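Colleague: give me the fold of what follows.
(one chain, ligands or ions: 2)
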Amino acid sequence: MSRTDLGPPDYKEMLPPVIKENYGQWLYHEYLKPGVMKHVSEKGDALYTIRIGSPRLVGLDTVRELCDLADKYCDGYLRFTSRHNVELLVSNEANVDPLLAELKQKGMPVGGTGNSISNIVHTQGWIHCHTPATDASGIVKAVMDDLYDYFTHDDLLPARLRVAMACCLNMCGAVHCSDIAILGIHRTPPRIDHTKVSKVCEIPTVIASCPTAAIKPDPKNKSVKVTEEKCMYCGNCYTMCPAMEIMDPLNDGIAILVGGKVSNSRTAPGFSRLAIPFLPNNAPRWPEVTEAVRNIVETWAKDAKKGERMGEWISRIGWERFFDRTGIPFTDKHIDDYIFSIPTFRTTTNFKW
Ligand code: SF4
Ligand code: SF4
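Modeller: Numbers count the residues shown, from 1 in each chain. Ligands and ions are numbered 1, 2, ... in the order given. The predicted structure is shown next:
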């Protein structure tokens, strides 16, 4: 078959030989130490995986450095996980300790396995996207620097901790289903530049882009109108129409949600729920956000039973106690004003406040 440039290459071409030879026949895996996994196949072959954190946005020098390490210790094989961890795939056990020693000497953090915080899955932020209410990589860097010990140790937390970050509520990250979710939010409707709309925007597409039907035609101005009370500040219209700018330096900021998960183990998957409605966009180190996340992590770590994920802990103690124990104020902003298909603080009669 002739090759085309359409679509990605077959991933099997890029697997290390030990994975190809044992495909579908892996028997078990174990965590040897934080960040070091061993997979053993039915016929006794072993693959060692060394997981290191990355800030996702890396320069060419870092990419070269990682590739050099893969060439030296892993026959050229590494992979990036969906959480932007780098995994070096070692098939020769004798290479494991020298590789760990070189990573230590280079200051590359090894961890993120077992009961630890894995790297934060996150979105594009100010560098790449046009609708962010905050930066993604900047906040992730600040939060992960603050929680560094929980990445490099696997005995400090009751269970694994999955954190997600999306820089607007269109949410390219896993904010709806993570133990802790950091979400960039706009709080003001788009500002329409009527002189530009008819020149740069396709009006029917702009109207159709609004999930709440807040946009209507404005034929007099050859433009559109926004019914502000219907707007949920998602910025989707700005994606379609650059004449409807939504960025607002004074009002944009961050919300924190908690208690979601995708895993089916022990309890069913669940959605995250709002814990903190707004924190300011205090770049470059977002101290209010790092402090809020640390408070939630440490309250959960102190209070939860072994193996209990964030949402399972909250389900056991109840949301009222979650707010009590974390000291997070419960405000009118937590009360939804719409009917949703899942229970919210408003729709469940079990919530007592
Ligand atoms: Fe862009 Fe929103 Fe995705 Fe961030 S979450 S990359 S702002 S669409
Ligand atoms: Fe509609 Fe979202 Fe634009 Fe508001 S920001 S008008 S909800 S598309």
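
Colleague: please make it C-alpha for all contacts and neighbour counts, starting now.
Modeller: Will do.

Colleague: which residues are in contact with the helix or strand containing Lys196?
Modeller: Element membership of Lys196, judged by DSSP states H and E, is helix 194-200. Helix 194-200 is contacted from outside by Ile203, Asn221, Lys222, Ser223, Val224, Cys241, Pro242, Ala243, Met244, using Cα atoms under 8 Å, 6 or more residues apart in numbering.

Colleague: can you do 7 Å?
Modeller: Asn221, Lys222, Ser223, Ala243 (Cα atoms under 7 Å, 6 or more residues apart in numbering).

Colleague: state the distance from the last one to ligand 1.
Modeller: Going back to what we said before, that points to Ala243. 17 Å (Cα to the nearest ligand atom, to the nearest Å).

Colleague: and of the contacts of helix 194-200, the nearest to ligand 1?
Modeller: Distance to ligand 1, by Cα to the nearest ligand atom, is smallest for Ala243 among the contacts of helix 194-200, at 16.9 Å.

Colleague: now do the closest one, the pLDDT please.
Modeller: For Ala243, the pLDDT comes out at 97.

Colleague: could you do Asp155 as well?
Modeller: Reported pLDDT for Asp155: 96.

Colleague: now do Ser341
Modeller: Model confidence at Ser341 (pLDDT) stands at 57.

Colleague: low-confidence ranges, this protein, go.
Modeller: For the chain, the stretches flagged by pLDDT under 70 are 1-4, 337-353.

Colleague: which residues in it form helices?
Modeller: 17-21, 60-73, 96-106, 137-146, 148-152, 194-200, 203-208, 236-240, 287-303, 310-317, 319-326 (DSSP state H).

Colleague: can you add mean neighbour count and distance to ligand 1 and give those helices back as JSON lines?
Modeller: Putting those into JSON lines (neighbours: other Cα atoms under 10 Å; distance: least, Cα to the nearest ligand atom, whole Å) gives the following:
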{"stretch": "helix 17-21", "mean neighbour count": "15", "distance to ligand 1": "33"}
{"stretch": "helix 60-73", "mean neighbour count": "14", "distance to ligand 1": "22"}
{"stretch": "helix 96-106", "mean neighbour count": "13", "distance to ligand 1": "31"}
{"stretch": "helix 137-146", "mean neighbour count": "20", "distance to ligand 1": "10"}
{"stretch": "helix 148-152", "mean neighbour count": "20", "distance to ligand 1": "24"}
{"stretch": "helix 194-200", "mean neighbour count": "15", "distance to ligand 1": "20"}
{"stretch": "helix 203-208", "mean neighbour count": "17", "distance to ligand 1": "16"}
{"stretch": "helix 236-240", "mean neighbour count": "20", "distance to ligand 1": "8"}
{"stretch": "helix 287-303", "mean neighbour count": "17", "distance to ligand 1": "17"}
{"stretch": "helix 310-317", "mean neighbour count": "19", "distance to ligand 1": "23"}
{"stretch": "helix 319-326", "mean neighbour count": "16", "distance to ligand 1": "27"}
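
Colleague: could I get the ones you listed as CSV with distance to Cys167?
Modeller: Formatted as CSV, the helices of the chain follow (distance: least, Cα to Cα, whole Å):
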stretch, distance to Cys167
helix 17-21, 36
helix 60-73, 25
helix 96-106, 31
helix 137-146, 9
helix 148-152, 22
helix 194-200, 25
helix 203-208, 22
helix 236-240, 13
helix 287-303, 13
helix 310-317, 22
helix 319-326, 24
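
Colleague: out of the ones you listed, flag the one nearest Gly253.
Modeller: helix 287-303 (10.0 Å; Cα to Cα).

Colleague: report all helices and strands that that closest one contacts.
Modeller: Judged by 3 or more Cα pairs under 7 Å, 6 or more residues apart in numbering; DSSP states H and E, helix 287-303 is in contact with helix 137-146, helix 319-326.

Colleague: quick one: closest of those to Pro158.
Modeller: Comparing the helices and strands packed on helix 287-303 under Cα to Cα, the one sitting nearest is helix 319-326, at 16.3 Å.
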